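Chemist: Following is a predicted model, sequence given first.
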Amino acid sequence: MMLSRQTRRAYTTSVGASRSRHTVAITREIPGSFINAVAAHSANQVSDVSDVSLALARKQHHDYLSNLRKHIPTICLPPIECQPDCLFVEDTVVAIDDTAVITQPGHLSRRGEVDSIKTMLLQLGIANVYDMREIAGEGATCDGGDVMFTGRHLFVGISARTNNDGFEFLSDAFARHGLAADSIISVPPVAAGKEILHLKSAVTHIDKHTLLAPTGSIGDTVLEALGAAERGYEAIRLPDILSCNAVAVNGHILAQASKCEISKYRIEQACNKRNLGLTFVDTSELAKKDGALTCCSVLLSV
C-alpha cells in the first residue's frame, strides 16, 4: 500500500509538532521460510526449525504491526519466500531525515532482501539515496541493526556484520547532509558480534538523552564504548537484555513484553517521567531467530 504525502503530513500534524518527524514506516510480512532464518546469537540457541512456531511468529508480528500503525502510517511489503530473514527490514537501510543509505548486509544470505527496499525508498521520494553496494563495492558491509541515531549522535557498531568500510561510507553520506563529523561515532566491537549480534541488541534510545542498556558487564562495556555518560546520556539499566531493544516512534515507545517485571517497571517509570507513551509488544518468537522490535521496521521522514 502506497501512502500519499498529504496523508503522511496530516498524520504527523495529528500526533503533535513537538514529537519526532517520522512520517512512514516500512515493514514486511513473514515468509513461510522464516523457520530457516539465520540464528547466530539467539538467547535460546535455537538450531532446530521445529523449535520455532511460524503461526506464533506471525501472530506476534501482526500485533507489532497493529501497534505500530497506531503511531505512524505503515507500509507492509509482501514476503520474499527465498529470503527467510526478509521481515527484518532494519538491516537493509539506514535513514535519517531526507537521506538514506542502502546497506550491504554482512551475512551473504541477506543480500537478496535489499533491492525491493531500495525500490520502495525511491517510490516514496527520499531525496538522497546512496547505495553502499554500488559505490563502495564488496568490501563495505553494514547491518542497520548496528546503527543507532539518537537524534544527537549516529553510533555505528563494528561487528561481525558491519565493518570499518561500512562505517566510513555511512559517515561520508550523512556528513554531506548535515550531520557534524564529531556526532558520527564508530563503536568498537566490544560486544556486538560476540555476546550480542548487533549494537542495538544491547542498547537503544527512547529519546535524545536516554538509553536502554542491560545490567551487568555487557551493559557496562557497551555504554563505556559509546561514551554515553560523557555525551550526556542517562542509561536505564534492565536485567532482561531483549528489553533493551525498543522502538521510539513519534513520542511513543514500543517495548518488549518481557517476563522480567523489573525491566518492564523500569521502562514504564522512564517513559512516565519523560511523558512518553508506552506499549508492550511480545516478539519472543522472533527473538529465536535473532529478531527484536527495531528489526521489524524502518522509520522514515519523507
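Modeler: Received, thanks.
Chemist: Confirm that residue 115 sits in a helix.
Modeler: Yes - according to DSSP: H, G, I helix; E, B strand; the rest coil, residue 115 belongs to a helix.
Chemist: residues near it, how many?
Modeler: By other CB atoms under 10 Å, the residues close to residue 115 number 14. For every residue, glycine as well, the C-beta is placed using N, CA and C.
Chemist: what's the pLDDT at it?
Modeler: Predicted confidence (pLDDT) for residue 115: 97.
Chemist: which residues sit in contact with it?
Modeler: Residue 115 is in contact with no residue at all, counting by CB atoms under 8 Å, 6 or more residues apart in numbering.
Chemist: how near is it to residue 162?
Modeler: 20 Å (CB to CB, to the nearest Å).
Chemist: next one: residue 103
Modeler: Plainly put, residue 103 is 8 Å away from residue 162 if you go by CB to CB.
Chemist: Now for the two: what residues contact both?
Modeler: Residues touching both residue 103 and residue 162 (CB under 8 Å, 6+ apart): 141, 142, 143.
Chemist: For these, which single residue is the most surrounded?
Modeler: For the shared contacts of residue 103 and residue 162, neighbours tallied by other CB under 10 Å; top is residue 142, 31 neighbours.
Chemist: check contacts around that one.
Modeler: Contacts of residue 142 (CB under 8 Å, 6+ apart): 94, 101, 103-106, 132, 156, 161-163, 166-167, 169-170.
Chemist: Which ones among those map onto helices?
Modeler: 132, 166, 167, 169, 170 (DSSP state H).
Chemist: Which one of the residues you listed is nearest to residue 52?
Modeler: Distance to residue 52 across the ones in helices among the contacts of residue 142 (CB to CB) is lowest for residue 166, with 29.2 Å.
Chemist: For residue 40, see how far away the residue nearest to the closest one when sequence neighbours are not counted is.
Modeler: Excluding its sequence neighbours, the residue lying closest to residue 166 (CB to CB, 6 or more residues apart in numbering) is residue 142, at 3.5 Å. Per CB to CB, residue 142 is found 17 Å from residue 40.
Chemist: got the contact list for the spatially most central residue of the chain?
Modeler: Nearest to the geometric centre of the chain sits residue 294, at 3.4 Å (CA atoms, centre = their mean). Residues near residue 294 by CB under 8 Å, 6+ apart: 90, 145, 200, 204, 245, 246, 247.
Chemist: burial count for the residue nearest to residue 127 when sequence neighbours are not counted?
Modeler: Leaving out its chain neighbours, the residue that sits closest to residue 127 by CB to CB, 6+ apart is residue 98, at 4.0 Å. Neighbourhood size, residue 98 [other CB under 10 Å]: 15.
Chemist: do the same with residue 259
Modeler: Neighbours of residue 259 under the rule other CB under 10 Å: 12.
Chemist: can you check residue 77 too?
Modeler: A count of nearby residues for residue 77, using other CB under 10 Å, gives 17.
Chemist: how close does the residue nearest to residue 166 sit to residue 114?
Modeler: In terms of CB to CB, residue 142 sits 11 Å off from residue 114.
Chemist: follow-up on the earlier one: would you mind putting the ones in helices among the contacts of residue 142 into TSV with distance to residue 30, neighbour count and pLDDT alongside?
Modeler: Shown next, in TSV, are the ones in helices among the contacts of residue 142 (distance: CB to CB, whole Å; neighbours: other CB atoms under 10 Å; pLDDT from 0 to 100):
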residue	distance to residue 30	neighbour count	pLDDT
132	26	24	96
166	27	28	97
167	30	23	97
169	30	26	96
170	28	28	97
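Chemist: how about JSON lines for these, with distance to residue 208 added?
Modeler: Shown next, in JSON lines, are these (distance: CB to CB, whole Å):
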{"residue": "132", "distance to residue 208": "26"}
{"residue": "166", "distance to residue 208": "25"}
{"residue": "167", "distance to residue 208": "22"}
{"residue": "169", "distance to residue 208": "25"}
{"residue": "170", "distance to residue 208": "20"}
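Chemist: of the residues you listed, closest to residue 33?
Modeler: Closest to residue 33, out of all of these and judged by CB to CB, is residue 132, at 25.4 Å.
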